[in-house]
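A.B. asks: Got a predicted structure here, sequence first:
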Amino acid sequence: MPALSKPHSGRRPLPPRTGNQHGNVYRPKPVERGTEKRYNVYISLWKEANRYLYREELYELRTGDAMPTQEEFINYLDWWTAKSTGKLDESVTFASAEAHWRGFRAAWKRVTGRGIPEGISNSASNYLKTLGLPTIMTRKDLFTSVDLDNIMLFMWTYDDCIYIHERMRVQL
């Protein structure tokens, strides 16, 4: 019976590749164009907030720069929630603020090569809960009137199913 695997060649196994690191230079993995655009929006908002809240030299993001403090991230979230308007209300909702914070953290990690520490991230998330943002949800219909028109048109003109009684067609 032949062996199921090749005999050990005596070489040491190679370390696993991460895909992000090439030597000492951080190169992020390629992402889709829409994701890249969204990340650029988050980073431009961070730069704008720093120009407004602090001083000019803080708005540039580079790999290896010092991590901003917890207060700076919280001030950014304060600035963003005050500046932004919601779709359902005049202020952003809690769900929108949480989604923005998640996207901002992903963009931060992509640009700087390291993530925001978990303690800072959790305290910023907890801070969003204390802002008293509205928690209204969008109304999501099962389907629209256009969908209903399409279904009715199909059932009455193009449907080739055999119904025992025509009333069944209406009840479906």
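C.D. replies: Thanks, I have it.

A.B. asks: List the residues that contact the spatially most central residue of the chain.
C.D. replies: Nearest to the mean C-alpha position of the chain, counting by CA atoms, centre = their mean, stands residue 103 at 4.1 Å. Residue 103 is in contact with 38-39, 42, counting by CB atoms under 8 Å, 6 or more residues apart in numbering. Glycine gets a C-beta too; all of them are placed from N, C-alpha and C.

A.B. asks: For residue 74, grab the count of nearby residues.
C.D. replies: By other CB atoms under 10 Å, 16 other residues sit near residue 74.

A.B. asks: contact partners of the biggest helix by length in the chain?
C.D. replies: In the chain, with assignment by DSSP state H, the single longest helix is helix 33-53. Contacting residues not belonging to helix 33-53 are listed as 31, 58-61, 75-76, 79-80, 100, 103-104, 106-108, 110-111 [CB under 8 Å, 6+ apart].

A.B. asks: Report the buried residues of it.
C.D. replies: The neighbour-count check on helix 33-53 (16 or more other CB atoms under 10 Å) flags 39, 42-43, 45-46, 49-50 as buried.

A.B. asks: related to what we said a few turns ago, now, the contacts of helix 33-53 that are in helices?
C.D. replies: Checking the contacts of helix 33-53 against DSSP H, those in helices are 75-76, 79-80, 100, 103-104, 106-108, 110-111.

A.B. asks: from these, which single one is nearest residue 118?
C.D. replies: residue 108 (13.2 Å; CB to CB).

A.B. asks: gap between whichever helix or strand residue 152 is part of and the chain center?
C.D. replies: Taking DSSP states H and E as the criterion, residue 152 maps to helix 145-153. Distance of helix 145-153 from the chain centroid (CA atoms, centre = their mean, to the nearest Å) equals 33 Å.

A.B. asks: Now it: average pLDDT?
C.D. replies: On average, the pLDDT along helix 145-153 is 83.

A.B. asks: Next: stretch 101-110.
C.D. replies: Here the average pLDDT along stretch 101-110 is 89.

A.B. asks: same thing with stretch 45-60?
C.D. replies: Here the average pLDDT along stretch 45-60 is 75.

A.B. asks: so what are the domain limits for the protein?
C.D. replies: If you go by automatic domain parsing, the domain ranges for the chain are 21-130, 141-172.

A.B. asks: Cool, thanks, signing off.
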